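# Got a predicted structure here, sequence first:
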Amino acid sequence: MKNLLDWAEQHALENIRFHLGTADTLAKEATTTLTLLLAGAGGTMAHAVQGLNKETMSDSHVASIVLAVYLVFISATLVYKCMRVAPIPAPTNEPKNIYQPKYKLDDLREAELNNLQTRITDSVKRNDSVATWLNFIRFFAVFSPVIWVLVFYL
């Protein structure tokens with residue numbers, strides 16, 4: 001039983017570390033995406049502001065205002081759905097929870113293995129949600145030129 005428990009603990013720790021690494025990668029990808037979206041919003045807003053100096057704004061300037069608002073909206077969605085600070089499971093438990101001299105070591109290790117599975121499951125759910133939203137936002141960013149063209153020609 002001890003060899004099996006050692007083996008399971010080793011693989012469980014590798015598993016949660018993988019998922020925590022994935023969470024870190026997703027955070028970096030979200031940051032890069034936000035940088036690009038805000039740069040695009042700033043560029044389109046710079047073009048839109050040029051139109052404010054004229055008596056009548058051109059269709060190009062109006063389309064740029066709409067596009068800038070669109071990019072800011074999907075940027076805000078990215079921050080809310082992918083970048084908010086939220087609890088993330090730790091790879092191991094706290095000492096006060098695992099130091100239980102009243103219990104046998106193997107019983108504690110089995111209980112902690114179950115707790116680790118819960119933390120792994122929580123990590124997977126969190127990563128899935130962030131990845132799904134990040135993919136949606138990137139998809140909508142790809143279509144931002146279409147937004148500009150639609151507003152320009154309508």
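That came through fine.
# what about the longest helix in the chain?
With secondary structure taken from DSSP state H, the chain has its longest helix at helix 2-52.
# That one: what's the following helix or strand?
helix 59-78 (DSSP states H and E).
# Just list what that following helix packs against, helices and strands only.
Secondary-structure packing of helix 59-78 (3 or more C-beta pairs under 8 Å, 6 or more residues apart in numbering; DSSP states H and E): helix 2-52, helix 105-142, helix 144-153. Where C-beta positions appear, they are placed from N, C-alpha and C, glycine not excepted.
# ok, back up a step: for the longest helix of the chain, the distance to its chain's centre please.
Mean-position distance between helix 2-52 and its chain equals 5 Å (C-alpha atoms, centre = their mean, to the nearest Å).
# Please name every helix or strand in contact with that helix.
Packing contacts for helix 2-52, counted by 3+ C-beta pairs under 8 Å, 6+ apart, involve helix 59-78, helix 105-142.
# what angle sits between the shortest one and helix 144-153?
Just to be clear, that refers to helix 59-78. Going by axes from the mean of the first three to the mean of the last three C-alpha atoms, to 10 degrees, helix 59-78 is angled at 140 degrees with respect to helix 144-153.
# which residues are contacting the helix or strand immediately after helix 59-78 in the chain?
Note on helix 59-78: by DSSP H and E, the next helix or strand toward the C-terminus is helix 95-98. Outside helix 95-98, the residues that touch it by C-beta atoms under 8 Å, 6 or more residues apart in numbering are 108, 112.
# ok, now how distant is Thr25 from Leu105?
Here Thr25 is placed at a distance of 35 Å from Leu105 (C-beta to C-beta, to the nearest Å).
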